[in-house]
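Peer 1: give me a model of this one.
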Amino acid sequence: MKESQQKTTDFGYKTVAREEKASMVADVFHSVAAKYDIMNDLMSFGIHRLWKRQAIACSGVRKGHRVLDLAGGTGDLTAKFSQLVGDTGQVILGDINDSMLKVGRDKLRDLGLVSNIEYVQMNAEALPFPDNSIDVITIAFGLRNVTDKDAALRSMYRILKPGGRLLILEFSKTDSEALSKIYDFYSFNLLPTMGKLVANDSESYRYLAESIRMHPDQETLKSMMEDAGFEQTSYQNMTGGIVALHRGFKY
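Peer 2: Alright, predicted model coming up:
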């Protein structure tokens, strides 16, 4: 059954009414926004910067492009894309959560990145752009928090220009049993404790760990992209499959 036909959905390991998930996810990110960057560095030991660097390298973004950094949060990808597209291009930092948008906007303005960046609060399931209007879409560590992922993928496909590409950087599934055990212990024991100590919020980080486990695996997400219309879909595992970078094109 497609996600859009279901009356309930996952919120971490909990089952909740579909219409409740967005507000529950919003509460999580309102809570973590102020400490989001420092927690990313602590949680991943800084490796998230390498994952994002690889996504940028595979994006094909160049001067004059119009780029949507969806679920762009505090703007790590937007900052680099702003430099790549130049004065003739545009980067839109889109996020459903206004607390994250504000943190991202303040951070990028402090870096002097102003002229070619637009900030828009938006829902990935119903993107507020015309058909065939965006060159590249990236969504990094955001798709797993979307209620109806199929609807979001269709919306992304609709707004991409022919020849455009989508990149999804997201936590995924490792095939290594030993790595999986270490990762599970870290996620469900150390991560909530770290969240409590640094952000005074263990429950939000417990949800984030659970949401990773509920996210579709590499092959399932690839199939979902194809169902939405994407072609030449592929994925690259990083850090043993803990993270995967999916890519698809619109022709």
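Peer 1: T74 versus the closest residue to D41 other than its chain neighbours, what's the distance?
Peer 2: With Cβ to Cβ, 6 or more residues apart in numbering as the criterion, D41 has its nearest non-adjacent residue at 7.4 Å, and that residue is H48. Placement of C-beta: from N, CA and C, glycine included. Taken as Cβ to Cβ, to the nearest Å, the spacing of H48 relative to T74 amounts to 11 Å.
Peer 1: what of D106?
Peer 2: If you measure D106 against T74 using Cβ to Cβ, the figure is 9 Å.
Peer 1: before we move on, back to that, show the contacting residues for the residue nearest to D41.
Peer 2: Applying Cβ atoms under 8 Å, 6 or more residues apart in numbering, we find H48 in contact with 40-41, 141.
Peer 1: export these to JSON lines and tack on pLDDT and neighbour count?
Peer 2: Putting those into JSON lines (pLDDT from 0 to 100; neighbours: other Cβ atoms under 10 Å) gives the following:
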{"residue": "N40", "pLDDT": "76", "neighbour count": "19"}
{"residue": "D41", "pLDDT": "80", "neighbour count": "12"}
{"residue": "F141", "pLDDT": "92", "neighbour count": "19"}
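Peer 1: so between D106 and T74, which is more surrounded?
Peer 2: T74 (22 against 12; other Cβ atoms under 10 Å).
Peer 1: quick one: pLDDT of the nearest residue to that one once chain neighbours are set aside?
Peer 2: Excluding the flanking residues, the one nearest T74 by Cβ to Cβ, 6+ apart is G104, at 4.6 Å. On the pLDDT scale, G104 is placed at 93.
Peer 1: burial count for G104?
Peer 2: Burial measure for G104: 26 neighbouring residues, criterion other Cβ under 10 Å.
Peer 1: other residues contacting the helix or strand where it lies?
Peer 2: In this structure, G104 sits in helix 98-110 according to DSSP states H and E. Contacts with helix 98-110, where a contact means Cβ under 8 Å, 6+ apart, come from 29-30, 33-34, 36-37, 72-75, 78-79, 82, 93, 95, 114, 117, 119, 121.
Peer 1: helix/strand/coil for the nearest residue to Q83 once chain neighbours are set aside?
Peer 2: Spatial nearest neighbour of Q83, chain neighbours left out: L113 (7.9 Å); criterion: Cβ to Cβ, 6+ apart. State at L113, reduced to three classes by DSSP: H, G, I helix; E, B strand; the rest coil: coil.
Peer 1: and if you look at T74?
Peer 2: Secondary structure, three-state DSSP: T74 is coil.
Peer 1: check the one 4 residues further on too.
Peer 2: Following three-state DSSP, we place T78 in the helix state.
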